[in-house]
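> Any chance you can model this:
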Amino acid sequence: MVGEGAAVPWRVAAGCVIVRVRVTPKSSKDGVDGIEPSSEGPALRLRVRAVPADGEANAAVAKVFAEWLDVPKRSVSISSGLKSRLKSLSIAGDPVDLSARLAERLAAGFDEQKTGDQNNKTS
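Purely as a prediction, here's the structure:
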């Protein structure tokens with residue numbers, strides 16, 4: 001479980017939560033699949049199929065993250081790192097609720113989470 005004081009890849013801001021992600025474009029699947037260290041602290045590992053050209057990967061990042069966190073796509077925006085793999089995403093909404101939702105997703109693990117690949121699962 002993610003507790004207070006633990007190093008987490010997000011921080012609370014006014015009316016939002018800022019989440020640090022490290023993006024892998026041109027991946028074989030879309031999804032959030034772990035946490036990894038970065039130069040700025042822990043970051044969620046986010047994979048997108050889109051290529052990093054003409055803003056395609058950035059649009060996919062917002063869509064995939066919104067689906068994973070189960071928030072409206074319009075509430076997710078890239079606040080820094082438009083041309084970098086390391087990005088900060090601003091998630092608009094109640095910071096307490098969003099922090100709890102993020103902690104819940106992390107505590108649940110990454111294998112069976114909603115990542116846009118549900119049609120590809122076999123079981």
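
> Where does pLDDT dip in the protein?
Scanning the chain with the threshold set as pLDDT under 70 gives 1-6, 110-123.

> quick one, helices of it?
Assigned by DSSP state H, the chain shows helices spanning 56-69, 95-108.

> Need the contact partners of the last one.
Outside helix 95-108, the residues within contact range by Cβ atoms under 8 Å, 6 or more residues apart in numbering are 1-2, 8, 10, 12-13, 15-17, 19, 32, 35, 68-71, 91, 113. Any C-beta I mention is one placed from the backbone N, CA and C, and that applies to glycine too.

> Now, of those residues, which are buried?
Buried members of the contacts of helix 95-108, counted by 16 or more other Cβ atoms under 10 Å: 2, 8, 10, 16-17, 19, 32, 35, 68-69, 71, 91, 113.

> how about those residues in JSON lines, adding distance to Arg85?
Shown next, in JSON lines, are the buried ones among the contacts of helix 95-108 (distance: Cβ to Cβ, whole Å):
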{"residue": "Val2", "distance to Arg85": "24"}
{"residue": "Val8", "distance to Arg85": "20"}
{"residue": "Trp10", "distance to Arg85": "18"}
{"residue": "Cys16", "distance to Arg85": "22"}
{"residue": "Val17", "distance to Arg85": "20"}
{"residue": "Val19", "distance to Arg85": "15"}
{"residue": "Val32", "distance to Arg85": "14"}
{"residue": "Ile35", "distance to Arg85": "15"}
{"residue": "Trp68", "distance to Arg85": "18"}
{"residue": "Leu69", "distance to Arg85": "20"}
{"residue": "Val71", "distance to Arg85": "22"}
{"residue": "Ile91", "distance to Arg85": "19"}
{"residue": "Gln113", "distance to Arg85": "21"}
